[in-house]
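[1] A structural model of the following input is requested.
(one chain, ligands or ions: 1)
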Amino acid sequence: MHELSLAQGLVEQLRQTAEAEGATRVTSVTVVIGNYSGVEPDAFEFAFPFATEGTLVDGAELIIDLLPVSVECRQCKTTSHPEPINLVCMKCGSDDVVLQGGREFLIRSVEIDVP
Ligand SMILES: [Zn+2]
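    Purely as a prediction, here's the structure:
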């Protein structure tokens, strides 16, 4: 499962951050997932506990912030949020658009326990 390896990568990043801060435990993590990132939020949420098991992220609360796709139209200069499968301007219907957001997959914030 794609999301499991993503979750494992995330846990590794969290471990490094936590250890650099001298933390013993990660209590909460907020992850941003764009609607066009190819990451399935439900699958990611499901994979998270498997990836964290036995690490200092074990038991941490996972908060997922979903971001919609955002495109800017080169024709009418409007920014809109179309469906990820059909990237067109929602105002004039042009497909001459520039992707501005929605590919995000990143850590927004982390809460840790420092003894
Ligand atoms: Zn347009």
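[2] all contacts plus neighbour counts: C-alpha atoms, from now on.
    OK.
[3] can you list the residues of this structure near the ion?
    73, 76, 89, 92 (Cα under 5 Å from the ion).
[4] put the buried members of those residues into a ChimeraX selection.
    In ChimeraX syntax, the buried subset of the residues of the chain next to the ion is picked out as below (16 or more other Cα atoms under 10 Å):
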select :73,89
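[5] tell me which of the residues of the chain next to the ion fall in helices.
    Among the residues of the chain next to the ion, DSSP state H puts none in helices.
[6] shaky segments in the protein?
    1 (pLDDT under 70).
[7] same thing but 50
    Counting by pLDDT under 50, the chain contains no low-confidence segment.
[8] how about the strands in it?
    In the chain, the strands defined using DSSP state E lie at 25-34, 61-67, 70-73, 79-80, 97-101, 105-113.
[9] most tightly surrounded among the ones you listed?
    Most buried of the strands of the chain, by mean neighbour count (mean count of other Cα atoms under 10 Å): strand 70-73, with a mean of 22.
[10] give me the sheet partners of it and which way each runs.
    strand 79-80 (antiparallel), strand 97-101 (antiparallel) (DSSP bridges).
[11] measure the closest residue in space to residue 8 that isn't next to it in sequence to residue 7 for me?
    Closest residue to residue 8 apart from its sequence neighbours, by Cα to Cα, 6 or more residues apart in numbering: residue 51 at 5.0 Å. Here residue 51 is placed at a distance of 6 Å from residue 7 (Cα to Cα, to the nearest Å).
[12] and what of residue 68?
    From residue 68 to residue 7 the distance is 21 Å (Cα to Cα).
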